[in-house]
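[1] Predicted structure and sequence below. I'll ask about it afterward.
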Amino acid sequence: MRTIKIFLASSEELAEERIRFGDFIRQLDDTYEQRGFRIKLSKWEDLPSGDDGKPKQEEYNAKVRECDMFVSLFYTVAGKYTQEEYAVAKSVQAQRGNPTIYVYYRELKEGEKEDPSLTEFKSRLLNEIKQYGDKYVNSDSLQLKFVMQLLKIENRQWSDLKVENGSVILGDKVIAKMDNLSFAAGNEDYQRMRQRLEELEDLIEVARMKAEKDKAAYDKLQKYLNEANTLREQFDKQQDFLLDTAKRIAQLQGERINDRIRRAQEALDKGRVDEALEILKDTECDAEKIHKQLKQQKQLVENLKHQAECSINELLIKISTIMARAATPIEERKAQAKSLYVQADTLAAEADYDKEKYAEMLSDYAGFLWKYSLYDEALDVSLRQVAIVKELKGADGVDAAESYDSIGLVYAEKGDYDRALEYHLKALAIREKVLGTEHSDTATSFNNIGVVYGYKGDYDQALECHLKALAIQEKVLGTEHSDTATSYNNIGNVYHRKGDYDRALEYLLKALAIWEKVLGTEHSDTAMSYNNIGAAYDAKGDYDRALEYLLKALAISEKVLGTEHSDTAMLYYNIGNVYYAKGDYDQALEYHLKALAIREKVLGTEHSDTAKSYYNIGCVYDAKGDYDQALEFFLKAYNVFKKKLGAEHPYTKKAEYNIEIVKSMMNDN
């Protein structure tokens, strides 16, 4: 297991901040052990003292020479010894290529001034390549910037760093609160959405208290819930876009960048998206000029190559900026971003762009295409990306495994399960060999393979893979981690499909216990856990227990999501199925019609879930002997299934069969 040695330096004025930040770095060791790394930190307080009670400077310098990362914090002054440590790190870096050096400046408060020593140090810093200085405003800002640079050292997928419940997390470790980060706090769209969500929470609570007795209040409640659901989804995406932009800026740190990129970065770091777009307005035009020069130039001169690299970086920054501009409709943003990716890709190919950076760019490009369901294009880009990775780092490294994994996910979305399995198995073989059989990435491979086997209907193989993933997660993450709960849930669902309902319930109840503890009893994910348990009891024929869990799930969903949400519709649908199985056709019809009303409104009349409602309503009318109504709904289901799924799909065939049965019953009568 690789150890990353970090030396943390600062002047005395930041002693308390250095201690807090050092504690944070040490806490990361547990998270990174799960990722195959250890973190070893050295700082002033850790070193033995001399006769005067202070550590000797030569002890410092020895630790600096050993480290992989040198991190220094500055505020108003650049202390003599901190500068000396920096100089030692820089000298060692020139000799052997590391440590990687990171310098962070705490932003001055109003009225504060920096000492000439710091001004002179910053000036020297600007002239040194492969080195940068960055500002931070608080502990959260510093922690996020540091973790993003640690990801560069680690050379791992940036998607591991994500936003959940208003916090930036890596694994199970909270890195920062979004509200404390300037790129979010200063973003008008972020603040507008957050403020409106807070207003809606109060409005929903007031309307909920009045809803039982007041029809107008009930209607308002549903209106507010619908608005909150839509806005919450937009807000989650906005947080993702803002974090993606911060990642993009971090990836460019240490690169040779031009003044335009620097100014855009400063604007984006403050959340000023429109200002950044104005700075970058000529990016595409300038990139096209450089592209024309490259095609005309017989030899790629260094200056032109540098211009092309800066232009590619500008295009990538602009992509993130466009996606973070919530005022622009999402379809328009997607089209603009895709066009910029195409331009960056073309320019990189023409400019003999650094292959490692090119592979990173293609990985981002493929991820963008995958996210927006452009699977054929995502596959083409992913295959080009993995070819570069194999050329650079070989076909048996962890980078190749990550690429294989991504390709497998694309094939799975396309429904080509054999090819998906082929690539996921390639990724697994590498991870087991390089990372070992007890690594979280290995568990991810087993999980992905299990999902594909489930799609193929090979439940024994799916179960075997999910159980292997679970064994790793229980050991590495523990038995109360949300990822472990997901594996329990997946295993339970496979046992359900296999018809082993008692084993299904065993695992589904384990998942529920974790989610109730981690998420609470009024969370939509907890509601879905109740739903899965209810479905298992339904399959067992224990309809009363099934209703108990499904009605619990429904109560949560109606409260959290409202009565016009697709998840609520699913619960109405499932409850209707239980009542149908019990022979209570009136209750079954009531719930199925509720589900249908939502699905027609939210999903439309030509969605496969809507067609399932048509079909089951037809079944209820058939059981009640109302063949005219049954035929009407079976025909609706058949038409949608045939159009969306094809004439040979089992759902289409079932609807067709029931139409013939009902027609024969009508003729007999």
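    Thanks, I have it.
[2] In the chain, where is pLDDT below threshold?
    Along the chain, the model assigns pLDDT under 70 to residues 1, 44-56, 128-132, 155-157, 254, 256, 298-300, 669.
[3] center of it - which residue?
    Nearest to the geometric centre of the chain sits Lys162, at 5.1 Å (C-alpha atoms, centre = their mean).
[4] so that residue sits right up against Lys173, yeah?
    No - Lys162 lies out of contact with Lys173 (C-beta atoms under 8 Å); the separation is 11.8 Å. Backbone N, C-alpha and C define where each C-beta goes, glycine included.
[5] ranges for the strands of this protein?
    Using DSSP state E, the strands of the chain run over 2-10, 37-43, 69-74, 100-106, 132-136, 161-164, 167-170, 173-177.
[6] Go through the ones you listed and pick out the most buried.
    strand 69-74 (a mean of 25; mean count of other C-beta atoms under 10 Å).
[7] quick one: that one to strand 132-136, angle?
    Orientation of strand 69-74 against strand 132-136 (axes from the mean of the first three to the mean of the last three C-alpha atoms, to 10 degrees) gives an angle of 50 degrees.
[8] Quick one: list the elements packing against strand 69-74.
    Identification of packing neighbours for strand 69-74 by 3 or more C-beta pairs under 8 Å, 6 or more residues apart in numbering; DSSP states H and E yields strand 2-10, helix 15-33, helix 80-96, strand 100-106, helix 139-154.
[9] so what strands line up beside it?
    strand 2-10 (parallel), strand 100-106 (parallel) (DSSP bridges).
[10] Would you mind giving the helices and strands packed on strand 69-74 as JSON lines with distance to Lys289 added?
    Formatted as JSON lines, those follow (distance: least, C-beta to C-beta, whole Å):
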{"stretch": "strand 2-10", "distance to Lys289": "42"}
{"stretch": "helix 15-33", "distance to Lys289": "44"}
{"stretch": "helix 80-96", "distance to Lys289": "36"}
{"stretch": "strand 100-106", "distance to Lys289": "34"}
{"stretch": "helix 139-154", "distance to Lys289": "31"}
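[11] Just tell me which of those ends up closest to Lys624.
    Ranking the helices and strands packed on strand 69-74 by their distance to Lys624 (criterion: C-beta to C-beta) puts helix 15-33 first, at 57.7 Å.
[12] Tell me, how many residues neighbour the closest residue to Leu593 other than its chain neighbours?
    In space, and not counting its chain neighbours, Leu593 is closest to Ile617: 6.8 Å by C-beta to C-beta, 6 or more residues apart in numbering. By other C-beta atoms under 10 Å, 24 other residues sit near Ile617.
[13] do the same with Tyr530
    25.
[14] How about Gln297?
    Using other C-beta under 10 Å, Gln297 is surrounded by 12 other residues.
[15] Could you shift the numbering so residue one becomes 884, and keep it that way?
    OK, 884 is where the count begins now, so the last one is Gln1180.
[16] For it, give its distance to Glu1233.
    Separation of Gln1180 from Glu1233 (C-beta to C-beta, to the nearest Å): 10 Å.
[17] Just confirm Ile1058 contacts Val1051, I think it does.
    Yes - the pair Ile1058 / Val1051 is scored as a contact, 4.7 Å apart, by C-beta under 8 Å.
[18] Near the closest residue to Asn1021 other than its chain neighbours, how many residues? Count them for me, please.
    Leaving aside its sequence neighbours, Asn1021 sits nearest to Asn1063 (C-beta to C-beta, 6+ apart; 5.8 Å). Residues near Asn1063, counting by other C-beta under 10 Å, number 17.
[19] Report the contact partners of Asn1063.
    Asn1063 sits next to 1021, 1023-1024 when contact means C-beta atoms under 8 Å, 6 or more residues apart in numbering.
[20] what about the helices in the stretch 1434-1552 of the chain?
    Applying DSSP state H, counting those that start in this stretch to the stretch 1434-1552 of the chain gives helices spanning 1449-1465, 1468-1485, 1491-1507, 1510-1528, 1533-1551.
[21] again with the stretch 1234-1383 of the chain
    In the stretch 1234-1383 of the chain, the segments counted as helices under DSSP H, counting those that start in this stretch are 1238-1254, 1258-1276, 1281-1297, 1300-1317, 1323-1339, 1342-1359, 1365-1381.
[22] Output the fifth one as CSV, nothing but the C-alphas.
    Only the C-alpha atoms of helix 1323-1339 are listed here, as CSV (Å, rounded to 0.1, in the frame of the first residue of the first chain):
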residue,chain,number,x,y,z
SER,A,1323,-13.5,-1.0,-2.4
ASP,A,1324,-12.8,-0.7,-6.2
THR,A,1325,-12.8,-4.5,-6.4
ALA,A,1326,-16.2,-4.5,-4.6
THR,A,1327,-17.4,-2.0,-7.2
SER,A,1328,-16.4,-4.3,-10.0
PHE,A,1329,-18.3,-7.2,-8.4
ASN,A,1330,-21.3,-5.0,-7.9
ASN,A,1331,-21.3,-3.9,-11.6
ILE,A,1332,-20.9,-7.5,-12.8
GLY,A,1333,-23.8,-8.5,-10.5
VAL,A,1334,-26.0,-5.8,-11.9
VAL,A,1335,-25.3,-7.0,-15.5
TYR,A,1336,-26.0,-10.7,-14.6
GLY,A,1337,-29.3,-9.5,-13.1
TYR,A,1338,-30.2,-7.7,-16.4
LYS,A,1339,-29.4,-11.0,-18.2
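[23] Determine the longest helix present in the protein.
    helix 1098-1135 (DSSP state H).
[24] What residues of it count as buried?
    Of all the residues in helix 1098-1135, those buried under the rule 16 or more other C-beta atoms under 10 Å are 1101, 1103-1105, 1107-1112, 1114, 1118, 1120-1122, 1124-1135.
[25] and it, what does it pack onto?
    In terms of contacts (3+ C-beta pairs under 8 Å, 6+ apart), helix 1098-1135 is packed against helix 1022-1037, strand 1044-1047, helix 1065-1068, helix 1071-1094, helix 1142-1152, helix 1185-1206.
[26] Thank you, goodbye.
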